[in-house]
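Enquirer: give me a 3D structure for the following:
(one chain, ligands or ions: 1)
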Amino acid sequence: MTPIIAPELDLYVRELVPPRDPVIAEMEAYAAEHDVPIVGPVVATLLEILARSIGAARVFEMGSAIGYSTAFFARAVGRGGQVFYTDGDPKNAERARGYLDRMELSERVAFRIGDAVKALEETTGYFDVIFIDVDKDGYPAALKSAAPRVRRGGYLLADNVLWSGKVVDVGARDGATEGLRQFNRMLFSLDEFRAVIVPLRDGVAIARREG
Ligand SMILES: C[S@@+](CC[C@H](N)C(=O)[O-])C[C@H]1O[C@@H](n2cnc3c(N)ncnc32)[C@H](O)[C@@H]1O
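Expert: Residues are numbered from 1 along each chain as shown. Sure thing, here's the model as predicted:
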């Protein structure tokens, strides 16, 4: 498929981001070496800016892996804020805890190991931000459970919604691509939300709850 952004522009945008905290840089290196699909510094910065812009204090992350995006949200919520980390793999959670401890952020993070939808359903109340980044065939179910839990004025965010352009490839019929197509259709038909897709990296959906 055609890259969403020309590779040289993608690199240009990435290289403009200032050097990161050494632990964040270590996470990036680990992810690159072990093929862990993290959002990367540009999208992570966008997530942090959005969370800070609404004074988010309570964030739920669906699919956290080694805690990279979690760290940006944990910084955004500040002391006294809370970010729910979720991942199905306990080894990821252990690694994430190690990094977040070293950044002195783990006190702000509630770790939940297992299915993210189940973990969300075991919480109560509203969230300022819910970020969806689980397996792509699981996006429609994640959206169904997340949408009603975002507070008015809050954000529902999701990564990979353009899926390397596969969403417009008529020959692509795999579960992940179909899941993303269904997710995008569902998201843009929610009456309570105003949504847009930012074609950064692999496509980021930003939806603000207005009603
Ligand atoms: C794309 S990675 C998350 C990356 C992370 N958001 C970041 O950018 O740093 C997706 C992670 O979600 C986890 N995962 C996939 N489906 C899940 C589900 N239904 N419930 C919980 N975790 C899930 C996988 O184990 C994987 O580590």
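
Enquirer: what's stretch 11-31 in contact with?
Expert: By CB atoms under 8 Å, 6 or more residues apart in numbering, the residues outside stretch 11-31 that reach it are 5, 36-38, 40-42, 45, 65-68, 71, 95, 99, 102-103, 200. Every C-beta, even on glycine, is put in place using the N, C-alpha and C of the backbone.

Enquirer: please identify the buried residues of that stretch?
Expert: 20, 23-24, 27-28, 31 (16 or more other CB atoms under 10 Å).

Enquirer: what helices or strands is the longest strand anywhere in the chain leaning on?
Expert: Looking across the chain with DSSP state E, the single longest strand is strand 150-159. Applying 3 or more CB pairs under 8 Å, 6 or more residues apart in numbering; DSSP states H and E, we find strand 150-159 packed against helix 40-53, strand 127-132, helix 139-146, helix 175-188, strand 204-209.

Enquirer: just send the ones you listed back as a markdown table, with distance to residue 155 too.
Expert: Shown next, in a markdown table, are the helices and strands packed on strand 150-159 (distance: least, CB to CB, whole Å):
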| stretch | distance to residue 155 |
| --- | --- |
| helix 40-53 | 6 |
| strand 127-132 | 5 |
| helix 139-146 | 11 |
| helix 175-188 | 12 |
| strand 204-209 | 6 |
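
Enquirer: single out the most deeply packed of these.
Expert: strand 127-132 (a mean of 26; mean count of other CB atoms under 10 Å).

Enquirer: quick check: angle from that strand to helix 139-146?
Expert: Orientation check (axes from the mean of the first three to the mean of the last three CA atoms, to 10 degrees): strand 127-132 against helix 139-146 gives 170 degrees.

Enquirer: what's next to strand 127-132, contact-wise?
Expert: 47, 50-51, 54-63, 69, 73, 120, 139, 142-143, 146, 149-151, 154-159, 183.

Enquirer: then stretch 193-206?
Expert: 4-5, 10, 13, 39-40, 42-43, 46, 50, 147, 150, 155-164, 183-184, 187-188, 207-210.

Enquirer: out of those residues, which touch the ligand?
Expert: residue 39 (CB under 6 Å from any ligand atom).

Enquirer: residue 45 against residue 73, yeah?
Expert: No - Residue 45 is not in contact with residue 73 according to CB atoms under 8 Å; the separation is 11.7 Å.

Enquirer: tell me the secondary structure at residue 85.
Expert: strand (DSSP: H, G, I helix; E, B strand; the rest coil).
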